[in-house]
Structures are given as structure tokens and as C-alpha cells.
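Engineer: need a 3D model of the sequence below.
(chains A and B)
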2 protein chains.
Amino acid sequence: MREVAILGVSMTKFGISEKTNLEMFTEAGLEAIAKSGIESKDIEALFFGNCLGGFEEGQLHMAPFAHAELGLPVSAPATRFEAACATATVAIRHAALLVGAGVYDIVLAGGVERAAKMGTPLATRTFAMACQAQYEYSAGITFPGVFAMAAHMYASKYQIPLAELKTHLANVAVKNHRHGSLNPKAHFQKEITVDTVLNSMMVADPLQLFDCCPFSDGAAAIVIAEASKAKQLVEKPVYVAGMGQGSAGPLYLQQDLTRLRARESAVAQAYKQAGLGPGDIDVVELHDCFTIAEILALEGFGIYDFGKAYDAATKGETALGGKVVVNPSGGLKAKGHPIGATGAAQVTEIVEQLRGECGPRQVEGARVGLVDTLGGDFGTVCNIILRS
Amino acid sequence: MREVAILGVSMTKFGISEKTNLEMFTEAGLEAIAKSGIESKDIEALFFGNCLGGFEEGQLHMAPFAHAELGLPVSAPATRFEAACATATVAIRHAALLVGAGVYDIVLAGGVERAAKMGTPLATRTFAMACQAQYEYSAGITFPGVFAMAAHMYASKYQIPLAELKTHLANVAVKNHRHGSLNPKAHFQKEITVDTVLNSMMVADPLQLFDCCPFSDGAAAIVIAEASKAKQLVEKPVYVAGMGQGSAGPLYLQQDLTRLRARESAVAQAYKQAGLGPGDIDVVELHDCFTIAEILALEGFGIYDFGKAYDAATKGETALGGKVVVNPSGGLKAKGHPIGATGAAQVTEIVEQLRGECGPRQVEGARVGLVDTLGGDFGTVCNIILRS
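Structural biologist: The predicted structure is shown next:
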């Protein structure tokens, strides 16, 4: 396989937008192309992520329309990927695999979503379609419930009093909001306190409103190229060191909700390909759809032992300046979560961190970064390790 | 790139089913695996196509659940593709690219759809979401209208009286129903006459009910492997000679509805990779969603000159025993069109034709076959050339 690099990256401001999916993706895509020192005609394929466009806009088959808005050549196939919240990461992984294989030299990948305008009840119902519909949705499971169960199991398994765990969970939210306050593209740019979380509305016990990421609108896109081409085009290519994708079926087949089998497989694939391990990671963008999810992910990566990450945010170990900086962008919690765009925004943040372009939220000396995106209730995990 | 081969293939009976998407895909997938002389644990990745599961069953993110039903390993990523009616073909192309690249040695690919139970009004509306929603759907365009316009333009461009063209279109339906009558898996297994078509309900002038393919339920799956591995496992591997995928944006950007730019690009890519041309093709499974679509496709391939394929079915040139056999399975018209499964069923038919396993509908001496699937109103075309 050839070495693969990332050139231009771009994301729209995340939040609530009046724009269509196509308008948002075009904005991100054209900027990523311009930052790569190329033109639309140079793109050889589009790997496009979107999850809910059929519901939100009545638009299926969006990839060729995005392709048209971007002015890509007819010979450049546009392919849509859907992997629930891991949609864009899966699209990027396939793009990088095919560039590595020599099928394409330079491609565009990314994703887009409109979720904010649905409102919470419809969005919650629509997101829940990424659970196993036949068994789980009909039983009343939505995502806050899934992660609430995981939080209870975590507390029980490691014998952490629930009130204590709730404070540690709140500290994950406080940290990610602090990071988000330094990110002008974040949906939420306001700092919060532990009390903000603990006094907020209960969503699914023990998870309160501020334990949950928002429904956001947004798009993100990246240009991926064979490394020698990338070196000619941009000053600081960032390299794809390793990737992995794992699948673990419905919730009722999970043996332990505190350990995601799909992640453990995916991250092992990525470490192996990269020749790296958890100790090499300087900065992480991970899937903190709920605060408990950040703790589970850090343990899944092996950055913390199982049962040991619960107080990492409380101790300041995962904040800017800490030993491994987690979600410097603000994460899904504060940067926002337009589901089909999330993975591409995570890659965008890591690329900009490894280039030293992140200003007040820069992780000093970051050389290796990990992207982690979870789709559905533990169905899909995709990991990408990037290096400068 | 390594040589890539197809091992076991399988499709469910197409028609109206009481089964869920997961049940149908599991049936096809397990049979394809069994026919390949392997077990589920040997599959290294799943390339899964589905288009409308979110609407029809409230099920997004279906790939990891299909993966679970099939008992695939957690390390084998399950990825969902959506490219409107070209969904499964695009999934198969990506599977074959990654096997060719050496990323995987043996994978499962295919697709599934439930469309029959929606009923015609809801299914027509739902399918229309693969048009450009912002401009076309709101203007009242659905797929019968798109292809009716193409038929009018074809008649006008080549100065064929509409009544005459309608008889030729009817002969496409008659031929495909005759082929379907020889296929025990076909949705429709009854022969019809030209009068059946011309006396049927008008759908979108000049297209009548029997010019249109049905809404069907069904699944199809194939196992793809590196060629040397395939030779050890099955008696008659069929080889992927060439593939192509093209994208051409919304209808309003099409310059000529009688010529599909996405197809002309896709088939040129496939011919180039295969080192073959239109004269080498013995058997074709093409996207006859409407009778006019078969004529446009045959001209797009270069098998007929532009403006010359309109009476090919009338002359018997494309029937069993003709110079190039088109849709021996019955095509979308008679075999049926469960959209997310269609491309995989086309590949299944060509593979079985090249193996000489098609009984009364066998194309004698078939060595090279072409698969053609169109997604949306000309947005995506994917072509695969197979050889024995």
C-alpha cells in the first residue's frame, strides 16, 4: 500500500443552520479543495457521508448531487456511505484505502448532516433508527437510554457510587465545554460548571441534559492524496498512520456494555497498521455523544486501564495541558454532532492540531492523533491514527 | 492490483415477501457463503447495500445487524452503501476494489430491499427522493415522468413516430417477460404480448403499466475473493474483468436525456480495465426500470449506435438466441426490482450464465457478461464486466 496523506481540511461552523445539506457540504468541500492547492477537476472520486437526509430533506442519493455542486468530473464516482454516527469516518477510511491501493491519487471525503431543526423528539426518534429496529426500538430504547444503562453498569462493575460517578461525568462535560469555548466553529462556546450539569434536566438517569451532546447542523470535508503528491501540494501534509473498523451486532449480543467489542477490534487494527500503541497518542478526538462514552472510549483505546478512566477529566489529565488531550475541539459535547459530518470534523481537528494551527486550543508538540467514531448503539466503530 | 473472482452467488425469490430485510439478506448471504465452500468466520468484510430500510422498517445502520445475523467476526467491518437503484453494484465494486488491492482476501457483498408492501403511491414518492429533492421532486418529477421525457426526446431526436416507438418499447417488455417465465426466482413468470402492454393503464405518456418494472422485495449476495484463493475453493470462479462508476448530477444538468453521461464514463472505465469492447459482450444484465431504459443502455454501451437500438427487441436480436442476449433473467421488468438488491442479482445472473447453470434460459457459450445498474435519474451508473 502507498503512503496516504491529508491535504486541505475544512468544516463549517457547527450549530443551527438555514442551509441545505448540499449547501453546507459544498461550502466545506470547496474550501478543502482550495486549501489543497488544486481545483475541482483534479478530484478523482468523492466519498460522501450522510445519515438522515432522506428524513430531514426528502433527499436520498445525495452523493451525485454534492458531486455536481462541487463541479467534479463525471468520471469521478460519488459514493454515499452511512454508518450512523460513524458515517464520515467510514467514508474517509474507504477513501484512504483506495488511495493507498493506487486506485485513485487524489480524492475528496467527508460528510454533512442537518439535525438541529428536527427538534429533540423527532431527532431522538430518528436517531434511534440506528438501533436494531425490530428488537430495540420497539422496546423503547433510544440512545440516551443505551448510554444510561452503560453508565449504571460501569458504576456497578467498578463499585463507584453513582453520585460520585455523576460528578466525574459532569467534569467530562465541563472540560469539553471549556475546550469548545476556544473553538470558533463549535456549536457551544460557553463554559459550564459541574453545577450546570448536575442541576440540568434529567434525560435518562444518571445522564442529565449537559451529559448529552446536541443535535447540530454542519459539514466537514478533507482532501486525501498519495503522499508524494501531497508533499508537492501542501506545506504540511498529515499522514494516515493506521486505520481500523469493527462491527458488533445489536445490543442484545453485547456481552458487557462497558466494553465495546467493535472499538477494541478497530483500534487494535489501527495500532497494528501504525506500529504504534496507546502510549504514543498525544491528542484524541473521540465519540463523546454522552459523557460516559468518553470514559468508555479512553479505556477501549488502552490509554487507561479498564475501570480507571472515570476520574481522568476530574484530575485534569485529559484537558489542554494534560497528559493526553481529549477532544480539544470541544468534542461532540460542545463542538456539536451533525452525525454524518462528525468523523470528518474530528479528522479536521486532528489535522489542524498536528499542523499547529489551533491557536488557543493548540496541543503543544502534538505529533500523533487518534480519531474515534462510534456508530449506533455499539454497532460500528472506526478509528484513524494520524501523524505529522 | 490482484485478480479478483466471484465464488458463491445467491438470490432469494423476488416478489412480495413477509420477511424482514435482515431475514432476506441472511438467507441470501448464508447460501452464498455455503456455496463458496467457506464459513461465516472466513469472511473479512461485508459490503452491504440497502436503500429504503429507514423508511420501510425504521431501520438505519443495517449493515452491522446483517453482519450479526450472518455470524461474521467483529474484526470484519460491515459497511452500508446507498446509491439509489445502483446500491448493490456500488457495494460490489468497492468490495472488488479492496480485494484487488490486497486489503481483504475474501468478502461478502450484496444488498436487500423491501419495496412491494409500501404500495405504489408511497413507493413512487419514496423512490422519488433519489431525484434532486430541492428542484425536481418539488416540481412533481417522479421516475416514470423522467423516463417518459426520455422516451419523447428519443422519438423526437431520431424522428421515430411515437406509436411506432411504443410498439418497440412493448417488445422490450414482451422479451423480458418471456425470459422471466424461464426464471423460477423472477417476480413475474408470465409471458405477455404487445397488446398486453398497449392495453395497460397509462402511467406517464408514452409509458404504460407494462413498460414499468415492479416494486419488489428480495435480496442477493455474492462472495468475492482473490483469484488464486477462489480457484482452490470453487470449481468455476468467474473473474472481474473490469469495473466503472460514473456520476452525473441532477436532471437539469443533463445535456441530452437520451445519453447518460454517467454510463458513458462508467462503461468506458470498465472496457478499458478489461481490455474489451462492446463486440466482446455475450450477455448483458442491464437496468430496464422502464422499457425505454433498455434501449438507452444498449446505445450507451456502444453495442448499438445511438438511435439504432429501438427495434432490437422487435427484431429478436436481444432475446435468447439473439446476437447479444439482454436480461436473460427477465431484467428488472420481470425478475423484479428490490432496489438495494438489484445489482447483486444482476451479478448473480451473469455469474450463473458464465458457469452454464441457467437451464432453459442459458445463453449458449457465454464467456463475457456485462452488468449495468443506474441509480436515480441518471445520477449514478455502475458497470461490471465479468468473464469465465
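
Engineer: assign the residue in the stretch 1-150 of chain A positioned nearest to chain B to helix, strand or coil.
Structural biologist: Nearest residue of the stretch 1-150 of chain A to chain B, counting by CB to the nearest CB: residue A:68, 2.3 Å away. For glycine as for every other residue, the C-beta is placed from the backbone atoms N, C-alpha and C. Using DSSP: H, G, I helix; E, B strand; the rest coil, the structure places residue A:68 in helix.

Engineer: can you pull the pLDDT of residue A:75?
Structural biologist: In the predicted model, residue A:75 carries a pLDDT score of 96.

Engineer: all helices for chain A, in order.
Structural biologist: A:21-35, A:53-56, A:63-69, A:87-100, A:120-127, A:143-157, A:162-180, A:194-198, A:227-233, A:261-274, A:291-300, A:331-335, A:342-354 (DSSP state H).

Engineer: can you say which of those helices is packed in most?
Structural biologist: helix A:331-335 (a mean of 32; mean count of other CB atoms under 10 Å in any protein chain shown).

Engineer: need the contact partners of it.
Structural biologist: Residues outside helix A:331-335 that contact it (CB atoms under 8 Å, 6 or more residues apart in numbering or on different chains) are A:14, A:172-173, A:176-177, A:179-181, A:183, A:185-189, A:213, A:285-289, A:291, A:294, A:327, A:329, A:342, A:345, A:349.

Engineer: identify the residue nearest the geometric centre of chain A.
Structural biologist: Centroid check for chain A by CA atoms, centre = their mean gives residue A:343 as the closest residue, at 3.6 Å.

Engineer: mind saving the C-alpha coords of the helix or strand of chain A at the bottom of the mean pLDDT ranking as CSV?
Structural biologist: Between all helices and strands in chain A, the lowest mean by mean pLDDT, DSSP states H and E belongs to helix A:120-127, at a mean of 84. Provided in CSV are the C-alpha atoms of helix A:120-127 (Å, rounded to 0.1, in the frame of the first residue of the first chain):
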residue,chain,number,x,y,z
THR,A,120,-35.4,16.9,20.1
PRO,A,121,-38.4,14.5,20.0
LEU,A,122,-38.2,13.8,16.2
ALA,A,123,-34.4,13.8,16.2
THR,A,124,-34.3,11.3,19.1
ARG,A,125,-36.8,9.0,17.3
THR,A,126,-34.9,9.3,14.0
PHE,A,127,-31.5,8.7,15.6
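
Engineer: which residues sit against that helix?
Structural biologist: Under CB under 8 Å, 6+ apart, the answer for helix A:120-127 is A:52, A:55-56, A:115, A:118, A:142-144, A:215, A:339.

Engineer: now the angle from it to helix A:143-157?
Structural biologist: 80 degrees (axes from the mean of the first three to the mean of the last three CA atoms, to 10 degrees).

Engineer: and the spatially closest residue to the residue of the stretch 1-150 of chain A closest to chain B that is not a sequence neighbour, what does it touch?
Structural biologist: Nearest non-adjacent residue to residue A:68, counting by CB to CB, 6 or more residues apart in numbering or on different chains: residue B:249, 2.3 Å away. When contacts are counted by CB under 8 Å, 6+ apart, residue B:249 touches A:64-65, A:67-69, B:132, B:379.

Engineer: next, count neighbours for residue A:329.
Structural biologist: Neighbour count of residue A:329, defined by other CB atoms under 10 Å in any protein chain shown: 29.

Engineer: thought it was touching residue A:181?
Structural biologist: No: taking contacts as CB atoms under 8 Å, residue A:329 lies outside contact range of residue A:181: 11.3 Å.
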